[in-house]
Structure formats: structure tokens, C-alpha cells
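>>> Sharing a model prediction with you, sequence too.
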Amino acid sequence: MTRELRSSVAVPIPASVPVIVVGAGPTGLTLALVLAGHGVACVVVDDDGATSTEGSRSICVQGHSLAILDRVGAGAVRAEGVQWNLGRTYHRGREIGQSRIAGGDPDAGPRFVNIGQSRVEAILAEAVRAHPLCATAWAHRVDRVDGIRSDAAGVDVAATGPDGTVRRWRAQYVVGADGGRSTVRGALGIAFEPPPGQPDVDDPYLVVDVRAELPFPAERRFFFDPPWNPGRQVLLHPQPDGVWRIDWQVPPGFDLGAETASGGLDERIRAVVGDATAYEVLWSSVYTVRQRLAERFRVGRVFLAGDAAHVMSVFGARGMNSGIQDADNLGWKLAYTLKGDAAEGLLDSYEAERREAAVANLEVTGATMRFLAPPTGGARLRRRLVLAGAPYAGFLRRKVDSGRLSEPAVYRDSSTVQPGCGALAPDLPVRRLGGTAVGGPGPAQPDKPLRSLRGGPFVVVAVGPTVEEAGELGAAVDLALDARPGRTERRLPPYVIVAGAAADASGDTETAGAALGNLLVVRPDGHLAWKVNGEPAPDEVADALAEALLRASGG
Ligand SMILES: Cc1cc2nc3c(=O)[nH]c(=O)nc-3n(C[C@H](O)[C@H](O)[C@H](O)COP(=O)(O)OP(=O)(O)OC[C@H]3O[C@@H](n4cnc5c(N)ncnc54)[C@H](O)[C@@H]3O)c2cc1C
């Protein structure tokens with residue numbers, strides 16, 4: 001791989017730091033920035049000299065990941081990405097279905113943009129470099145045998161630099177974001193197996209980034225059993241700057257070197273781009289799609305995130321996206337715990353929530369893998385029948401599984417959210433209220449989307465048909481919460497109170513408000529932790545909200 005070697009230790013690193021993140025992939029870099037956004041310093045240690053500059057690898061960045069990246073200072077990912085809304089599916093050269101991708105509400109933007117992972121990493125690495133609370137130790141490998149040593153008060157990390165010098169740091173918490181072959185996971189002795197109930201499938205793919213001017217717009221094309229890759233599938237995805245990513249399912253033992261030397265690779269590419277189209281190969285590789293889940297995501301003060309915790313088939317764009325979302329989930333929880341704003345129980349909710357999300361993702365990608373590489377004769381027959389009948393019957397078209405694009409997780413089983421909550425909170429227009437909890441009365445604030453308040457304190461939203469009406473409820477809640485004696489006895493986490501207007505798609509604000517709840521507690525990562533319905537007395541509201549805030553912060 002081509003890498004631009006940066007200075008191995010970018011800034012002087014103190015011997016003791018709040019958090020050490022092992023791995024400067026998309027997960028580790030995002031985590032560093034989320035922590036820094038909450039005012040927590042961290043060090044990112046990576047065994048490579050810099051982020052990779054070669055190859056697309058992950059290309060689809062989901063809307064919710066884009067919202068996280070915007071917030072941590074990597075908005076260039078959204079700006080540079082190619083937006084696509086149409087997916088076409090073909091069987092034996094004939095188009096059998098189209099799917100249009102609608103926008104995603106709570107993140108208010110495209111559901112996906114395409115951009116190569118190396119560019120995402122470069123943008124994140126630049127934001128990390130520029131942040132005064134982030135330090136990086138490039139070209140430092142954390143050793144499997146004695147790289148991670150925990151005790152009750154902290155974790156000692158040892159990493160070997162390019163000159164063989166071993167550097168040692170102590171951290172209060174360590175996060176292994178060091179990829180599928182995670183050293184940190186190995187050091188903790190955590191099993192990494194296929195997800196429960198799923199067979200161990202190895203499905204090899206040839207991937208190529210080609211620059212070519214193709215005679216159709218930016219759209220995804222999925223070919224089942226095309227004449228030019230018989231019995232297997234091919235996937236075509238747009239990338240920025242006229243680059244396309246092509247994935248061919250290939251037989252086990254496929255040899256890329258031999259394929260290139262024999263002219264077979266040229267034939268494969270020509271079958272996709274056409275004989276008359278000039279093309280340039282920018283990157284080619286072979287990877288094997290497989291699924292893995294770590295038995296635990298936390299041991300004491302050490303956590304696993306991203307591919308270190310779960311590896312999933314790439315169909316559905318769930319790998320990098322779930323790593324970014326692990327980072328967002330863990331970042332605020334570590335920050336709150338380190339600052340004394342949350343109870344230790346909050347950190348347990350990381351595994352509860354993100355392992356649940358990984359299991360859900362792995363089930364979806366497992367079903368896709370069973371369709372793409374049917375493991376039994378019966379499954380092969382079913383697939384043949386589905387594909388043959390898809391042009392004629394909608395119910396069969398819906399069974400064609402070329403990857404189900406990922407959605408933000410819903411934390412249904414977490415003890416820190418109320419049953420029925422856990423999804424991203426709806427993106428209501430909200431207004432910050434003046435008042436004791438929010439720093440005193442001030443000039444009227446313009447309305448802004450609720451999502452713009454993510455990444456800070458908890459947000460208590462008073463919901464009404466209009467922002468003005470909600471404001472009255474919000475002001476009453478503010479006073480009641482502030483006067484609540486328990487506030488000084490059991491410390492509430494930091495929060496702000498805002499008033500928000502709920503309108504559903506039909507514009508019926510009252511129904512939408514009632515369905516949503518009158519008061520919402522929204523976590524720093526934007527997920528809804530609690531809701532209170534009806535119009536209870538201010539004291540009851542204050543009690544319910546104080547309890548909700550404490551539970552949501554692990555109390
Ligand atoms: C061909 C391909 C296509 C893909 N397509 C998609 C897609 O479309 N959408 C999607 O969401 N995902 C996709 N993925 C998956 C995606 O690339 C991974 O999920 C993603 O890279 C995981 O990021 P990560 O930060 O968790 O780990 P990694 O990117 O693996 O980063 C881990 C980092 O840790 C470092 N490291 C490892 N060991 C040590 C050590 N001992 N000490 C110090 N540093 C260490 C490594 O050098 C590396 O920089 C694809 C993957 C491949 C291979």
C-alpha cells in the first residue's frame with residue numbers, strides 16, 4: 001500500500017492520558033473526535049505510518065454516519081461524496097427491478113453518499129491532527145503479549161515504534177479499534193466467532209476501482225449471473241471524480257496476479273465499461289466476505305469497537321458505518337463517566353446497545369449472504385426461482401436480496417432507555433429557552449433542528465403544536481427541575497431545555513405531538529432516552545424527568 005509516512009509521534013504525548021484509542025481507521029479516528037468534542041483528551045496509536053491512500057474499501061457512507069462526521073469536523077465527507085438514489089438489479093443481463101432510496105428524516109440529508117474509505121480516513125485524520133485534544137502515535141504497534149495491562153485504576157499500554165523503541169502510556173480507558181485482527185481483542189482473550197446460528201461462510205470477491213466515463217448517471221447496478229460472470233454476481237458503484245467500483249464474486253482460490261497477466265482482468269472490466277471506453281485501473285484487490293462477532297465488547301476498562309468487535313459482509317454497507325456509530329455511542333459515555341457526570345453503569349450500556357446493533361446487522365447481512373452464496377441445494381433452487389420470477393411478480397422481486405442498506409440502530413434492550421424509546425429522536429425544529437438551567441434569559445433564539453444540538457449535553461424537549469406553546473411547558477419544567485431538592489443530592493447530568501414543534505407529514509401538529517410525547521429526553525448521541533406523555537403536575541414532571549436523566553446517564 002502507498003502510504004505517506006508522517007512523523008511517528010505527532011505531538012508530545014503525556015505519560016498519562018484519559019483515553020487511548022488503538023487503531024486509526026474510521027472507527028478510532030471518529031472516536032477521538034467525539035471524545036475531543038466532549039472536552040476529553042485522547043491518544044490514537046496506529047501501527048501504520050499514516051492512513052491508507054489506496055483503494056476504496058468501504059464506499060457507502062450512511063446518512064446517520066454523515067451526520068456524525070459533520071458534527072466531529074469531517075463534513076468534507078458529505079461535501080465530496082457522490083449522492084445516488086437509484087439501484088438497478090439485473091438477472092442474466094435483463095433488468096428485473098429498481099429501488100429508489102428516500103432521504104432519512106432524523107438526519108435530514110441523503111440516506112447515503114459514496115466516497116472511498118481512504119478519503120474518509122484522510123479527512124478524519126486531518127481533523128484529528130488539527131484538534132488540540134487529540135494526539136497521534138503513528139507507526140506504533142501495540143504488542144499482543146504485554147501491550148495491554150489493566151488494573152482497577154487504569155490500563156498500561158506499550159507500543160513499539162519504527163526504531164524499535166517501546167513507548168509506554170497509562171490511560172483510564174482503552175478502546176481497541178484495531179480492526180478485524182484486533183490485537184486488543186486477542187490480549188483480552190475474547191472469542192471472535194461467526195454470529196450464533198450462522199454458518200462460517202467465506203465468499204471471495206475481486207474489487208477494482210476504475211476511472212472511466214460511463215454512459216449513465218451515478219447509480220448502483222447489481223448483476224446476478226451476468227453472461228460475463230456466469231453463476232456469480234457483479235456489483236457496480238459510483239465514486240467521486242468519475243471513478244467506479246466493481247466487485248465480482250469469484251471462485252475460491254482466485255488468483256488476481258494470474259488474472260491480470262492473462263488479460264482476464266481486462267476482459268472482466270471491458271464487459272462492464274464497454275469495448276470502446278477508455279479506463280484506468282486505480283486499485284485492485286481480493287477480499288473474502290465473512291461474518292464475526294466478539295463475545296464481549298468490554299472487559300473492565302478496555303472496550304472493543306468497529307471491526308475489532310464485529311466483522312460483517314459488506315453488502316448493505318454496515319461495516320464502516322457501524323464502526324462510526326460504535327464510536328459515537330462510546331465517545332459520549334466515556335466522556336460523561338470521566339467527567340463524573342454519569343454513573344459507571346452507563347459504560348455497560350455500550351456493550352448492551354452496540355452488541356445488539358451488531359447482532360441485528362449481522363442477521364441482515366447473513367440473510368444477504370445466504371442469497372448471494374446459497375449454502376444448500378434447496379437455497380440454490382429457491383434463489384433460482386426467485387430470480388426467474390422477479391420480472392413478473394412483485395412479491396418475488398421483494399425477495400431478491402442484493403444487500404439491505406443500513407439504518408441507524410434502535411436500542412430496544414438498553415437499561416438506560418425507556419421501553420419503546422432508543423431510536424434517533426425526530427428532528428423537530430427547536431428553540432433554546434432562557435432560564436436558570438440554560439444560563440439565564442437572553443434574546444429570542446431562532447429555531448434550529450434538534451439534531452444540531454447533538455454532541456453536547458442531554459436535551460430535554462418540551463413538545464407542543466408550536467414552538468411558542470411548547471415554550472410554556474418548557475419554562476414550567478425548567479423551574480420545577482431547578483427547584484427540585486434531589487438535584488443537589490443526586491447530581492443530574494448536564495442538560496438543556498428546548499421547546500420544539502411536532503408536525504407529522506400531514507402537518508397535523510397535535511396528533512404528532514401526542515404520538516411523540518410531551519417531554520422528551522434526548523441523549524448526546526441524538527437517541528431518544530425517555531418520553532413523558534400527558535400533562536402531569538409540574539412536580540411529577542420534574543420527578544419523572546430527573547429520574548429519566550439519571551437512568552439515561554447510567555444512574
Ligand atoms: C473491500 C472492502 C469493501 C468494503 N465496503 C464497505 C462498505 O461499502 N461500507 C461499509 O460500511 N464497510 C465496508 N467495508 C468494511 C470496512 O472497510 C471496515 O468495516 C472498516 O475499515 C472498519 O473500520 P475500523 O476503523 O473498525 O477498522 P480498520 O479500518 O481495520 O482500522 C484498524 C486500524 O488499526 C490499526 N492496527 C491494527 N492492529 C494494530 C496494533 N496492534 N497496534 C496499533 N494499530 C493497529 C490498523 O493499521 C488500522 O489502521 C469494506 C471492507 C472491504 C475490505
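Structure's in. What do you need?

>>> what packs against the top helix by length along the chain?
Ranked by number of residues, the top helix in the chain under DSSP state H is helix 345-372. Where contact means 3 or more CB pairs under 8 Å, 6 or more residues apart in numbering; DSSP states H and E, helix 345-372 is packed against strand 292-294, strand 298-299, strand 310-311, helix 319-338. Just so you know, the C-beta spots here come from the backbone N, C-alpha and C atoms, and that holds for glycine as well.

>>> Would you format those as TSV with mean neighbour count and mean pLDDT included?
Formatted as TSV, the helices and strands packed on helix 345-372 follow (neighbours: other CB atoms under 10 Å; pLDDT from 0 to 100):
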stretch	mean neighbour count	mean pLDDT
strand 292-294	21	96
strand 298-299	20	96
strand 310-311	26	96
helix 319-338	27	96
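
>>> Can you classify the closest residue to L428 other than its chain neighbours by secondary structure?
Excluding its sequence neighbours, the residue lying closest to L428 (CB to CB, 6 or more residues apart in numbering) is G500, at 3.8 Å. Classification of G500 by DSSP: H, G, I helix; E, B strand; the rest coil places it in strand.

>>> State the distance from G500 to the ligand.
G500 sits 32 Å away from the ligand, going by CB to the nearest ligand atom, to the nearest Å.

>>> ok, whichever residue of the stretch 251-400 of the chain sits closest to the ligand - contacts?
Residue nearest to the ligand within the stretch 251-400 of the chain: G306 (2.2 Å; CB to the nearest ligand atom). Contacts here follow CB atoms under 8 Å, 6 or more residues apart in numbering; on that basis G306 touches 23, 25-28, 177, 179, 320, 322-323, 326-327.

>>> Between which two of these is the distance greatest?
Across those, the longest distance by CB to CB is 14.9 Å; it joins G23 and S322.

>>> The ligand contacts on the protein?
22-28, 45-48, 57-60, 117, 141-142, 177-179, 183, 207, 287, 306-307, 314, 317-321, 323 (CB under 6 Å from any ligand atom).

>>> Go through those and flag which are in helices.
Those of the residues of the chain next to the ligand lying in helices (DSSP H): 26-28, 117, 183, 319-321, 323.

>>> what's stretch 274-289 in contact with?
Contacts of stretch 274-289 (CB under 8 Å, 6+ apart): 54-56, 201-215, 243, 250, 254, 256, 260, 265, 269, 273, 313-315, 369.

>>> if I look at the residue in the stretch 101-250 of the chain positioned nearest to the ligand, how far off is N533?
Going by CB to the nearest ligand atom, the ligand is nearest to G179 of the stretch 101-250 of the chain, at 2.7 Å. With the distance defined as CB to CB, to the nearest Å, G179 ends up 44 Å from N533.

>>> cool, and A127?
40 Å.

>>> Between these two, which has more neighbouring residues?
A127 (21 against 12; other CB atoms under 10 Å).

>>> where does the closest residue to the ligand within the stretch 351-500 of the chain land in three-state SS?
For the stretch 351-500 of the chain, the residue closest to the ligand is S406, as judged by CB to the nearest ligand atom, at 7.3 Å. When classified by three-state DSSP, S406 comes out as coil.

>>> ok, the spatially closest residue to it that is not a sequence neighbour - contacts?
With CB to CB, 6+ apart as the criterion, S406 has its nearest non-adjacent residue at 4.5 Å, and that residue is R318. Shown in contact with R318 (CB under 8 Å, 6+ apart): 312, 361, 364-365, 406.

>>> hang on, P18 in a strand?
Yes: assessed with three-state DSSP, P18 lies in a strand.

>>> which ones are touching it?
P18 sits in contact with 35, 40-42, 171-173, 334, 338, where contact means CB under 8 Å, 6+ apart.

>>> for V166, same thing?
143, 158-160.

>>> Narrow those residues to those that are buried.
Among these, those buried by neighbour count (16 or more other CB atoms under 10 Å) are 158-160.

>>> As JSON lines, the residues you listed with secondary structure would be great.
Putting the buried ones among the contacts of V166 into JSON lines (three-state DSSP) gives the following:
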{"residue": "A158", "secondary structure": "strand"}
{"residue": "A159", "secondary structure": "strand"}
{"residue": "T160", "secondary structure": "strand"}
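
>>> Closest one of those residues to P494?
Nearest member of these to P494, counting by CB to CB, is A159, at 34.1 Å.

>>> Show the contacting residues for that closest one.
Per CB under 8 Å, 6+ apart, neighbours of A159: 45, 137, 140-143, 147, 166-167, 169.

>>> ok, now with 10 Å
A159 makes contact with 20, 22, 43, 45-47, 137, 139-143, 147, 165-169, 183 under the criterion CB atoms under 10 Å, 6 or more residues apart in numbering.

>>> Then K448?
429-432, 498.

>>> Next: R354.
If you count contacts by CB under 10 Å, 6+ apart, then R354 has 297-298, 303-306, 309-310, 322-323, 325-330, 409, 411, 414 around it.
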